[in-house]
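**Student:** Here is a sequence with its predicted model. Questions after.
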Amino acid sequence: MFDLLKSIFYEISSYFVPEKQIYEITGECKKCGKCCNYMYSIDTYTEKEFKIMQTIFPKYKRFYIKGRDEDGNLIFACKLVTPEGLCSDYKNRLRMCKKYPARFVAYRAQLHEGCGYKVNFKEFKDYLD
Ligand code: SF4
Ligand code: SF4
(Lines give C-alpha, C1' and ligand atoms only; values in the text may rest on other atoms or scores of the structure.)
(Ligands and ions follow the chains in the order given, each with its own letter.)
Protein backbone atom coordinates (compact mmCIF):
# COMPACT_ATOMS: atom_id res chain seq x y z
CA MET A 1 0.00 0.00 0.00
CA PHE A 2 2.85 2.36 0.88
CA ASP A 3 4.51 1.61 -2.49
CA LEU A 4 1.27 2.42 -4.28
CA LEU A 5 0.86 5.74 -2.49
CA LYS A 6 4.47 6.51 -3.33
CA SER A 7 3.77 5.72 -7.03
CA ILE A 8 0.81 8.05 -7.08
CA PHE A 9 2.83 10.76 -5.41
CA TYR A 10 5.63 10.36 -8.00
CA GLU A 11 3.13 10.39 -10.86
CA ILE A 12 1.60 13.65 -9.70
CA SER A 13 4.85 15.27 -8.65
CA SER A 14 6.46 14.44 -12.02
CA TYR A 15 4.41 17.30 -13.44
CA PHE A 16 5.80 19.79 -10.94
CA VAL A 17 9.31 18.87 -9.86
CA PRO A 18 12.23 20.46 -11.67
CA GLU A 19 13.90 17.89 -13.89
CA LYS A 20 17.36 16.80 -12.96
CA GLN A 21 19.26 16.52 -16.21
CA ILE A 22 18.99 17.87 -19.73
CA TYR A 23 19.99 15.66 -22.63
CA GLU A 24 20.59 16.76 -26.15
CA ILE A 25 18.48 14.71 -28.55
CA THR A 26 19.34 14.56 -32.21
CA GLY A 27 17.89 12.62 -35.14
CA GLU A 28 14.31 11.89 -36.08
CA CYS A 29 11.61 9.27 -35.69
CA LYS A 30 11.76 6.37 -38.14
CA LYS A 31 8.18 5.37 -37.24
CA CYS A 32 9.16 1.84 -36.26
CA GLY A 33 6.70 1.71 -33.32
CA LYS A 34 9.17 0.09 -30.91
CA CYS A 35 8.61 2.72 -28.22
CA CYS A 36 4.82 2.07 -28.32
CA ASN A 37 5.31 -1.69 -28.20
CA TYR A 38 7.85 -1.95 -25.41
CA MET A 39 7.92 0.44 -22.49
CA TYR A 40 8.58 0.58 -18.78
CA SER A 41 6.75 2.39 -16.03
CA ILE A 42 8.78 3.63 -13.12
CA ASP A 43 7.26 2.56 -9.81
CA THR A 44 4.71 0.10 -11.24
CA TYR A 45 5.83 -3.31 -10.07
CA THR A 46 2.73 -5.49 -10.02
CA GLU A 47 -0.38 -6.09 -12.11
CA LYS A 48 -2.51 -4.93 -9.19
CA GLU A 49 -0.64 -1.64 -8.97
CA PHE A 50 -1.07 -1.17 -12.71
CA LYS A 51 -4.85 -1.77 -12.48
CA ILE A 52 -5.19 0.72 -9.64
CA MET A 53 -3.08 3.19 -11.62
CA GLN A 54 -5.44 2.79 -14.60
CA THR A 55 -8.42 3.43 -12.36
CA ILE A 56 -6.89 6.60 -10.98
CA PHE A 57 -5.54 7.72 -14.37
CA PRO A 58 -7.96 6.36 -17.05
CA LYS A 59 -5.67 7.62 -19.81
CA TYR A 60 -3.43 4.62 -19.05
CA LYS A 61 -6.18 2.21 -20.08
CA ARG A 62 -4.66 2.28 -23.55
CA PHE A 63 -1.70 0.35 -22.17
CA TYR A 64 -1.53 -3.34 -21.31
CA ILE A 65 1.02 -5.59 -19.71
CA LYS A 66 2.99 -7.42 -22.36
CA GLY A 67 5.20 -9.44 -20.08
CA ARG A 68 8.25 -9.14 -17.88
CA ASP A 69 11.88 -8.66 -18.75
CA GLU A 70 14.69 -10.89 -17.48
CA ASP A 71 14.88 -8.81 -14.28
CA GLY A 72 11.16 -9.22 -13.59
CA ASN A 73 10.21 -5.65 -14.51
CA LEU A 74 6.83 -5.22 -16.19
CA ILE A 75 6.86 -4.44 -19.90
CA PHE A 76 3.95 -2.45 -21.30
CA ALA A 77 2.63 -1.86 -24.78
CA CYS A 78 -0.05 0.39 -26.23
CA LYS A 79 -3.25 -1.02 -27.72
CA LEU A 80 -3.38 1.85 -30.19
CA VAL A 81 -0.24 1.17 -32.19
CA THR A 82 -0.93 -0.33 -35.60
CA PRO A 83 0.89 -3.40 -36.97
CA GLU A 84 2.88 -0.94 -39.10
CA GLY A 85 4.10 0.80 -35.94
CA LEU A 86 2.00 3.95 -36.30
CA CYS A 87 -0.27 5.62 -33.76
CA SER A 88 -3.94 5.10 -34.57
CA ASP A 89 -4.92 7.99 -32.28
CA TYR A 90 -2.17 10.42 -33.15
CA LYS A 91 -4.16 13.61 -32.52
CA ASN A 92 -5.10 12.46 -29.01
CA ARG A 93 -1.84 10.80 -28.06
CA LEU A 94 -0.68 11.37 -24.51
CA ARG A 95 1.62 14.13 -23.37
CA MET A 96 4.33 11.54 -22.69
CA CYS A 97 4.04 10.39 -26.33
CA LYS A 98 4.35 13.95 -27.62
CA LYS A 99 7.41 14.55 -25.48
CA TYR A 100 9.16 11.30 -26.40
CA PRO A 101 12.11 11.08 -26.26
CA ALA A 102 12.17 13.40 -23.24
CA ARG A 103 15.01 15.86 -23.05
CA PHE A 104 14.58 16.34 -19.34
CA VAL A 105 14.81 13.23 -17.22
CA ALA A 106 15.90 12.39 -13.69
CA TYR A 107 17.70 9.21 -14.71
CA ARG A 108 19.98 8.03 -17.47
CA ALA A 109 17.99 7.72 -20.68
CA GLN A 110 18.10 4.81 -23.10
CA LEU A 111 16.43 4.44 -26.47
CA HIS A 112 15.36 1.35 -28.36
CA GLU A 113 17.91 -0.25 -30.61
CA GLY A 114 17.50 1.15 -34.10
CA CYS A 115 15.59 4.23 -32.93
CA GLY A 116 16.13 7.21 -35.21
CA TYR A 117 16.91 9.48 -32.27
CA LYS A 118 20.19 9.67 -30.45
CA VAL A 119 20.69 10.73 -26.83
CA ASN A 120 23.89 12.69 -26.41
CA PHE A 121 25.13 12.31 -22.87
CA LYS A 122 27.09 15.05 -21.22
CA GLU A 123 29.49 14.12 -18.47
CA PHE A 124 30.48 16.48 -15.70
CA LYS A 125 33.80 17.19 -17.44
CA ASP A 126 31.90 18.31 -20.58
CA TYR A 127 30.29 21.06 -18.54
CA LEU A 128 33.69 22.00 -17.11
CA ASP A 129 35.14 22.14 -20.65
S1 SF4 B 1 11.54 3.81 -31.27
FE2 SF4 B 1 12.35 5.75 -32.04
S3 SF4 B 1 12.21 5.60 -34.27
FE4 SF4 B 1 10.88 4.00 -33.44
S5 SF4 B 1 8.84 4.97 -33.31
FE6 SF4 B 1 9.83 5.27 -31.32
S7 SF4 B 1 10.81 7.31 -31.48
FE8 SF4 B 1 10.34 6.62 -33.57
S1 SF4 C 1 -0.96 6.66 -27.89
FE2 SF4 C 1 -0.02 6.43 -29.90
S3 SF4 C 1 2.03 7.35 -29.68
FE4 SF4 C 1 1.24 6.93 -27.62
S5 SF4 C 1 2.02 4.91 -27.05
FE6 SF4 C 1 -0.03 4.62 -27.98
S7 SF4 C 1 0.34 4.25 -30.16
FE8 SF4 C 1 2.21 5.14 -29.29
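**Tutor:** In hand now; what should we look at? Numbering: from 1, shown residues only. Ligands and ions are numbered 1, 2, ... in the order given.
**Student:** Spit out the contact partners of Gly33.
**Tutor:** By C-beta atoms under 8 Å, 6 or more residues apart in numbering, the residues touching Gly33 are 81-82, 84-86. C-beta: built from backbone N, CA, C; applies to glycine.
**Student:** where does this protein come near ligand 1, residue by residue?
**Tutor:** Within the chain, the positions adjacent to ligand 1 are 29-35, 112, 115-117 by C-beta under 6 Å from any ligand atom.
**Student:** Tell me which two in the residues you listed are the farthest apart.
**Tutor:** Gly33 and Tyr117 (13.9 Å; C-beta to C-beta).
**Student:** buried stuff in the biggest helix by length in the chain?
**Tutor:** In the chain, taking DSSP state H as the definition, the longest helix is helix 2-13. For helix 2-13, a neighbour-count test (16 or more other C-beta atoms under 10 Å) marks 4, 7-8, 11 as buried.
**Student:** Now render these as JSON lines, adding distance to ligand 2.
**Tutor:** As requested, those are exported to JSON lines (distance: C-beta to the nearest ligand atom, whole Å):
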{"residue": "Leu4", "distance to ligand 2": "23"}
{"residue": "Ser7", "distance to ligand 2": "20"}
{"residue": "Ile8", "distance to ligand 2": "21"}
{"residue": "Glu11", "distance to ligand 2": "17"}
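**Student:** any idea of the pLDDT on Val17?
**Tutor:** According to the prediction, Val17 has pLDDT 54.
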